[in-house]
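>>> Fold the following, please.
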Amino acid sequence: MEQKKTYITGFDGLRSLAVAFVILYHLFVYQFKGGFMGVLIFFVLSGYLVTSSIIREWTTTGRFDLLSFYWRRIRRLYPALVGVLAATLGYIAFFQRSLLVHIRGAVISNLCGVYNWYEIAHHQSYFARFGVQSPFTHLWFMAIQFQFLVIWPFLMVFLFKFLHERRGALFLSLVGLALLSALLMAVLYQPGKDPSRVYYGTDTRIFAVFIGAALAVIWPLNRLKSRLDWGRRTTFDLLGFSALVVVVVMCGFCDDERPWLYRGGMLLFCIATAILIAMVAHPGADMNRALSNRIFTWIGQRSYGIYLYQYPVMVLFEAKVNVAPHPVGYALIEIILILVVSDLSYHLIEKPIAQIKWGQIRASIHEFGKRHSRYGWHRLAVLPVLALLAVGLYGFCSPAPQQPNPENGSQALQQAIQKNQQVVNKHNAALAHGKSGQQTVNSSQQSSGPKLPPTIRLTVAEQQQAQKMKITAVGDSVLADSSAALQKIFPQMFINAKVGRQVDQAIPVLQDLKKQGKLNGPLLVVEGTNGPFTDDQMKQIMQLAGSRPVYWVNVHVPTRSWQNEVNAKLMASKKKYKNLTIINWYKFSDGHTDWFYADNVHPNPYGLNFFSNFVAKQILKHHSVN
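Sure, this is the predicted structure:
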């Protein structure tokens, strides 16, 4: 029998903050770097509420109704999940069929509650900014929630009985489990490598839920006094406010790639969140009232649907719209779409199913089918739900494209980069041993491929000059994509490129090259694709370059909000550093979508002819002047 619970409106405030942080992180990843930790608030709160429910039922009745517990959770979680899967599948089937590849595995693993392990097994990165992004990436969170809800009642009842209901021993056990999980995250985390394994893993993330569960043991809702003396009330309010500040600051400013976050930082965040939850839960403190208002209540009640729909809306919207010219305006449109869709889900799916009296389901179905039913016009709400399930089933059964255009597929890009890397590694090794030299140049060297405009077609004299130039190139996936094409023009070019590299990560690479004596000739930088940079980072790069010419290729990233910010900062830096030349690839390539893969960022084999020759022409032009 489920016991009557007091609804704490302040928890809606916490849910609102959590989902807002997550959305802001996905929309403005470099402005709200720590927003990804909003999910930790959900984890800690879930651990607290679920464990409180189990303990309350056990201590009140002396038993725990496992089937009733599971049924309540299925009724609460699955309808909205099925809804978002169906809606996304239907949209993809009609408007973006390339995403149907491997979609069934993602859907089935989501329904089975193991999607986080599916992502790990398929090496999907949570932090990748490009490539074909899955609209279900964020659902790793729901998988861990499902796994917790399946296993936790058994473990909780076992611990409660084994420890003879001693709350102190139970609390220490849960704290121990949380520390073990956090330690596992710290051990498995490898600095400099994609942290998606530790980010997705149930074993490395469950500490957040255990902290909430431990709080439920020592801070039971039904034992908290509604009246406190002035001193304790003030102390609790100060604790709650301080914890709230810590949570907001960390969500706003903590970088998702900082090692300390994975080595105790997230654990400290969860502890601060637990303190905040404790103060909100206490009826004698003021934090509940501070986090209670109509807006928070509205968002909090729909926070589950908002979380489910936010990523599909962003991924599918940004796949069709170039958001770079107006990032804030388009972000507002995306937020409105998310709120509208989640509100529809709340009224048409979540709320109606939650209100169904399952013990009278046969009678309800019979009443529903009557000609003069008491449900009246509300029966019409079933039609859009049935239509949603139908299009979802159509999307699930639709065959994926058998022969995707190799010029547009992310797989073709990955294969091209891997092949280039092998070629570049051999070339770099030959350069290190002095074996790479000039190649024979003739007027037909550029005869293959498209006919290039005179503005970028290299003359024989320029080709000969390029053969002799020693250049060091450092960059991200755009350089990795074009590396082989550039080395054909500049056989003396040493290239160090890495997919996903950001500007701050290029600094230690340059430091290492300089230390090894490999920083020779002019410096070519192809960076900014994966995010903006600071003035200090630019200063460090220019200091490492010294007096040598630096040629920096600006970015063509129309589907990302930072495109204009990066290009504007590069132009501003040009005025500050006399040896810095900006190669305006953005302006030259603007409007030529046929030059790019589907991401509209990386030049395809056709576009590489334009990219490599344009970059080479600009380097040779300015180098001759210098």
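>>> Could you list the low-pLDDT ranges of the protein?
For the chain, the stretches flagged by pLDDT under 70 are 1-6, 128-132, 356-381, 401-411, 435-449, 624-626.
>>> what about the strands in it?
For the chain, applying DSSP state E gives strands covering 471-475, 493-497, 523-526, 550-553, 580-583.
>>> So for residue 413, which of those sits nearest?
Of all the strands of the chain, it is strand 493-497 that lies closest to residue 413, at 13.5 Å by Cβ to Cβ. Every residue, glycine included, has its C-beta placed from N, CA and C.
>>> That closest one - contacts with which helices or strands?
Judged by 3 or more Cβ pairs under 8 Å, 6 or more residues apart in numbering; DSSP states H and E, strand 493-497 is in contact with helix 410-432, strand 471-475, helix 477-489, helix 503-515.
>>> Quickly run through the sheet partners of it, with directions.
strand 471-475 (parallel) (DSSP bridges).
>>> Using the record, which stretches count as separate domains in the protein?
For the chain, automatic domain parsing gives the domain ranges 38-223+293-397, 410-625.
>>> Looking at the ones you listed, which is nearest to residue 19?
domain 38-223+293-397 (4.7 Å).
>>> Which residue, neighbours along the chain excluded, lies closest to residue 325?
residue 564 (7.1 Å; Cβ to Cβ, 6 or more residues apart in numbering).
>>> What residues sit buried inside the longest helix seen in the chain?
When the chain is parsed with DSSP state H, its longest helix is helix 66-95. For helix 66-95, burial by neighbour count (16 or more other Cβ atoms under 10 Å) applies to 69, 72-73, 77, 79-93.
>>> swap in stretch 236-248?
By 16+ other Cβ under 10 Å, the buried positions in stretch 236-248 come out as 236, 237, 239, 240, 243, 244, 246, 247.
>>> show me the contacts for the fifth one.
Just to be clear, that refers to residue 243. Residues counted as contacts of residue 243 (Cβ atoms under 8 Å, 6 or more residues apart in numbering) are 272, 273, 275, 276, 279.
>>> Select from those residues every entry located in helices.
The helices, defined by DSSP H, take in 272, 273, 275, 276, 279 from the contacts of residue 243.
>>> Filter these down to the buried ones.
Buried, going by 16+ other Cβ under 10 Å: 272, 273, 275, 276, 279, out of these.
>>> Just put those residues in a markdown table and tack on distance to residue 336.
Below are these laid out as a markdown table (distance: Cβ to Cβ, whole Å):
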| residue | distance to residue 336 |
| --- | --- |
| 272 | 32 |
| 273 | 29 |
| 275 | 34 |
| 276 | 29 |
| 279 | 33 |
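>>> Surely residue 57 touches residue 65?
Yes - counting by Cβ atoms under 8 Å, residue 57 does reach residue 65; the two are 7.1 Å apart.
>>> So which of the strands of the chain is nearest residue 506?
Here strand 471-475 is closest among the strands of the chain (Cβ to Cβ), at 5.3 Å.
>>> Tell me what angle that closest one forms with helix 410-432.
Inter-element angle recorded for strand 471-475 and helix 410-432: 150 degrees (by axes from the mean of the first three to the mean of the last three Cα atoms, to 10 degrees).
>>> what's strand 471-475 in contact with?
By Cβ under 8 Å, 6+ apart, strand 471-475 touches 479, 483, 486, 490, 492-497, 501, 506, 509-510, 513, 518-527, 553, 619.
>>> Show me where the stretch 501-626 of the chain has its helices.
With DSSP state H, counting those that start in this stretch as the criterion, the stretch 501-626 of the chain has helices at 503-515, 535-545, 563-576, 585-589, 605-625.
>>> possible to save the domains of the chain as TSV with distance to residue 285?
Below are the domains of the chain laid out as TSV (distance: least, Cβ to Cβ, whole Å):
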stretch	distance to residue 285
domain 38-223+293-397	12
domain 410-625	39
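>>> Of all those domains, which one is nearest residue 259?
Residue 259 lies closest to domain 38-223+293-397 among the domains of the chain, at 4.8 Å (Cβ to Cβ).
>>> how long is the closest one end to end?
End-to-end distance of domain 38-223+293-397 (Cα to Cα, to the nearest Å): 34 Å.
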